[in-house]
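> take this sequence and fold it.
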Amino acid sequence: MPNAGWKIKGMRLDDLGGLRAALKQLALERSKREAKRRAQALAKEVQARLFLDAVRDVTPLPASDKADTKKSKPEPIAKQRQRDEAQALASSLSDDIDIERLLQTDESLSWKRDGLSHQIIPRLRRGQWSVKAQLDLHGKRVDEAREALVGFLADAIKREIRCVRIVHGKGLGSVNKEPVLKNKVLRWLVQREEVLAFCQARPNDGGSGALIVLLTATRKS
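Below you'll find the predicted structure:
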């Protein structure tokens, strides 16, 4: 008798084959998912073991050797050291060098460094370079004036100033009415490498009581 006429609890026997195939397919897919999960877990375990093997002989750095990531504060400016250096430079300037042969004997004594154009002095006297800073040495003792001059020139170079005026006075208030500072300033200036030339100031800029000084240009790195 054909199976098509039989029923089990409302199901025909010819439907059992399809049900069996569906259950088998479901079991197969579940098996694949489980196999994939196990494979992924095994891969992670293998990677962890490889990492542990790689770092097995690594020794942790001591705490004191760790990099300090905190931003360090800028070091304080050594003002006293700067003053000491200025004093040392000032003390290296001689008061006894003979500059008479170095000065040009024209209507006002002037000086330029060897190798520079002879037009430097006339151009400086005409005011081709404008005065950007001034140092007044009135009332200073010789040592004070020398140190002040060194500091003033260094600051001018730092600020990229090319032309300055130095007021040394005419010596009217000194002993014997002699321009002591004027003669010393002339000697100090010719010893400074940053000084290229100088000349007596024009009457409206101080005349014989002041000098106009041309400084070297700051070298760009």
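> show me the residues around Pro179 that make contact.
168-171, 208 (CB atoms under 8 Å, 6 or more residues apart in numbering). The C-beta positions use only the backbone N, C-alpha and C, and glycine is treated the same way.
> how about a cut-off of 7 Å?
169-171 (CB atoms under 7 Å, 6 or more residues apart in numbering).
> just those residues now: which is nearest Ile121?
For these, the residue nearest Ile121 by CB to CB is Lys170; the value is 21.3 Å.
> once you drop chain neighbours, what's closest to the closest one?
Leaving aside its sequence neighbours, Lys170 sits nearest to Gly209 (CB to CB, 6 or more residues apart in numbering; 4.3 Å).
> contact partners for that neighbour?
By CB under 7 Å, 6+ apart, the residues touching Gly209 are 167-170.
> circling back to that earlier point, kindly indicate which of the contacts of Pro179 lies nearest Gln134.
Using CB to CB, Gly169 comes nearest to Gln134 of these, at 13.2 Å.
> from Ala201, how far off is the closest one?
Taking CB to CB, to the nearest Å as the measure, Gly169 falls 12 Å from Ala201.
> break down this structure into its helices, ranges please.
Along the chain, the stretches classed as helices by DSSP state H are 16-54, 79-91, 120-125, 142-158, 180-190.
> low-confidence stretches in this protein?
The chain contains residues with pLDDT under 70 at 1-17, 60-108, 172-178, 219-221.
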